[in-house]
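A.B. asks: Just the structure for this:
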Amino acid sequence: MFKIKTPDTSHLKYEEFESVYDPAEDSFLLLDALEQELPLIHTLNPLIVVEVGCGSGVISSALSTCLPAAIVLSTDLNPAACRATQVTAAANKVQVQVVRTDILSTLSDRLRGQVDLLVCNPPYVATEDTEISGTGLPASWAGGNLGLVITRRVVESLREVLSEHGIAYLVLEQCNKPETYIPEMEELGFDCSTVISRRAGRELLYIVKLSRRKR
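C.D. replies: From the prediction side, this is the model:
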């Protein structure tokens with residue numbers, strides 16, 4: 001049975017990482033979904049793996065452990081998160097390449113059609129759009145209108161970077177109205193399915209899998 005060991009993130013208690021999102025229920029649900037999907041992921045033999053919005057680096061480090069032959073790239077706009085991801089990778093003795101960028105804005109041309117696996121736990125809390133700006137801790141959860149402003153940008157980028165057989169896993173919350181947003185993603189040419197869902201306090205979280213619709 002495939003297992004994913006939760007990486008060590010004890011260093012996040014350091015003052016320099018106060019503006020970094022600590023792994024929480026949504027992070028662990030994503031890890032559980034990836035563990036459940038590992039048999040499928042291994043059959044794809046992914047060579048390029050990307051985490052958008054890496055935060056603490058817990059997801060990227062876990063994937064690097066499970067997929068040692070893959071190049072794992074992590075992006076975040078928060079410089080403290082980029083540093084935290086580097087430290088998490090080093091602490092867990094794995095290789096993760098960290099790029100400070102807005103989603104994939106500086107990498108999309110280089111990665112066009114090359115990403116075999118992409119994961120993202122985006123800021124999904126419904127807020128005013130004005131709360132999205134900045135690189136501090138609020139930017140890790142403030143998602144603007146319906147909590148989907150950043151998520152929509154990530155999904156749009158998938159149309160460019162996802163390989164022909166590539167798959168992506170996204171975290172959604174009930175406020176994102178998955179019942180209407182999943183059909184919206186399908187209209188963009190993706191096959192979508194819910195891998196797992198779980199209630200965490202007030203939140204009802206979903207992990208959604210996307211792949212290019214086969215012609």
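
A.B. asks: what's the longest helix in this structure?
C.D. replies: Secondary structure of the chain per DSSP state H: the longest helix is helix 25-44.

A.B. asks: what's the offset of it from the middle of its chain?
C.D. replies: 11 Å (C-alpha atoms, centre = their mean, to the nearest Å).

A.B. asks: which secondary structure elements does that helix contact?
C.D. replies: Helix 25-44 is packed against helix 58-66, strand 115-120, strand 162-173, strand 190-200, strand 203-212, with contacts defined by 3 or more C-beta pairs under 8 Å, 6 or more residues apart in numbering; DSSP states H and E. Yep, even glycine has a C-beta here, placed from its N, CA and C like the rest.

A.B. asks: what angle sits between that helix and strand 162-173?
C.D. replies: In terms of direction (axes from the mean of the first three to the mean of the last three C-alpha atoms, to 10 degrees), helix 25-44 departs from strand 162-173 by 160 degrees.

A.B. asks: re the thing from before, got the helices and strands packed on helix 25-44 as CSV, with distance to Pro79, mean neighbour count and mean pLDDT columns?
C.D. replies: As requested, the helices and strands packed on helix 25-44 are arranged in CSV below (distance: least, C-beta to C-beta, whole Å; neighbours: other C-beta atoms under 10 Å; pLDDT from 0 to 100):
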stretch, distance to Pro79, mean neighbour count, mean pLDDT
helix 58-66, 16, 25, 97
strand 115-120, 19, 24, 98
strand 162-173, 23, 21, 97
strand 190-200, 28, 15, 96
strand 203-212, 27, 20, 97
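
A.B. asks: Turn these into TSV, including distance to Gly147.
C.D. replies: Shown next, in TSV, are the helices and strands packed on helix 25-44 (distance: least, C-beta to C-beta, whole Å):
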stretch	distance to Gly147
helix 58-66	19
strand 115-120	13
strand 162-173	6
strand 190-200	15
strand 203-212	11
